[in-house]
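Trainee: Coordinates for the following, if possible.
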Amino acid sequence: MKSATWIAYAARALVVRFWDLAKKADSLDILLILLGYILMHITFLLLFSRSRKLGSNFWLPLAILTSSLLALLLALPIAMSLKIPIDPVALTEALPFLVCTVGFDKPVRLARAVFTHPHLTTPVGPGGAMKPAPKIITESFANSKVGGLREVCALAALILGLDCVLLCTYLSAVLGIMIECLGSFLYMHCVS
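Mentor: Okay, here's the model as predicted:
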């Protein structure tokens, strides 16, 4: 088999399996899965609308989505090594519920705490130096009241744990870059 043709065969097998399951499934099951996907898309819309309120139309939601996607992609091999059975069909059925379970509230709350920090745009001290971005982010972690993680299932628990690690590392780095860009933008407008 050529390197790209196996993907087509796997996709075809997955579609055929879905079709067979859909023909045998209860209409209530299909309705619940459809409702789950609708709720998942509402969660995405809420992420974008809350990010717009913080002043970011694209980069903050993109960083939050990639952080959560990376948490899912890292959780899958860990779940397999822990012998947690993962069926691709069951995963696609459970995906909207995993998205709603993990949610995007914690990263948005952290971003809100960072962007509303009192020393984000005002200088600190007599020299007029700005507070460093890592200091602002760690102070915002302490004041953001990001709640605890609750496991609904084993995969959701892994995703939540990895999402928390990525929140403290990946998303904090992106927020640091956004703070530096904002500082440069403000400096250019103040100078000119």
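Trainee: Where does the prediction get shaky in this protein?
Mentor: The model of the chain has pLDDT under 70 over residues 1-3, 121, 125-129, 133-134, 136-154, 191-192.
Trainee: so the residue nearest in space to the middle of it is in which element?
Mentor: With distances taken as Cα atoms, centre = their mean, the chain has S68 as the residue nearest its mean C-alpha position (3.1 Å). Here S68, judged by DSSP states H and E, is contained in helix 59-81.
Trainee: So which elements touch the helix or strand that comes right after that helix?
Mentor: The element immediately downstream of helix 59-81 (helix or strand, assigned by DSSP H and E) is helix 88-102. Applying 3 or more Cβ pairs under 8 Å, 6 or more residues apart in numbering; DSSP states H and E, one finds that helix 88-102 contacts helix 5-24, helix 27-53, helix 59-81, helix 154-166. All C-beta atoms are positioned from the backbone trio N, CA, C, and that covers glycine.
Trainee: Burial-wise, tell me which of the ones you listed comes out on top.
Mentor: Neighbour counts (mean count of other Cβ atoms under 10 Å) averaged over each of those peak at helix 154-166, with a mean of 20.
Trainee: and that helix, what other elements does it pack with?
Mentor: In this structure, helix 154-166 packs against helix 59-81, helix 88-102, with contacts taken as 3+ Cβ pairs under 8 Å, 6+ apart.
Trainee: Quick one: residues contacting the residue nearest to the centre of the chain.
Mentor: Taking Cβ atoms under 8 Å, 6 or more residues apart in numbering as the criterion, S68 is in contact with 99, 102, 104, 107, 159, 163, 166.
Trainee: what's the spacing between the fifth one and L166?
Mentor: It stands for I159. 10 Å (Cβ to Cβ, to the nearest Å).
Trainee: Just the angle for the helix holding S68 relative to helix 88-102, thanks.
Mentor: Angular relation of helix 59-81 and helix 88-102 on a 0 to 180 degree scale: 130 degrees, by axes from the mean of the first three to the mean of the last three Cα atoms, to 10 degrees.
Trainee: Centre of the chain to helix 59-81, how far?
Mentor: Mean C-alpha position of helix 59-81 versus that of the full chain (Cα atoms, centre = their mean, to the nearest Å) differs by 7 Å.
Trainee: what's stretch 34-41 in contact with?
Mentor: So stretch 34-41 is in contact with 93, 95-97, 99-100, going by Cβ under 8 Å, 6+ apart.
Trainee: Filter those down to the buried ones.
Mentor: In the contacts of stretch 34-41, burial by neighbour count holds for 93, 96-97, 99, counting by 16 or more other Cβ atoms under 10 Å.
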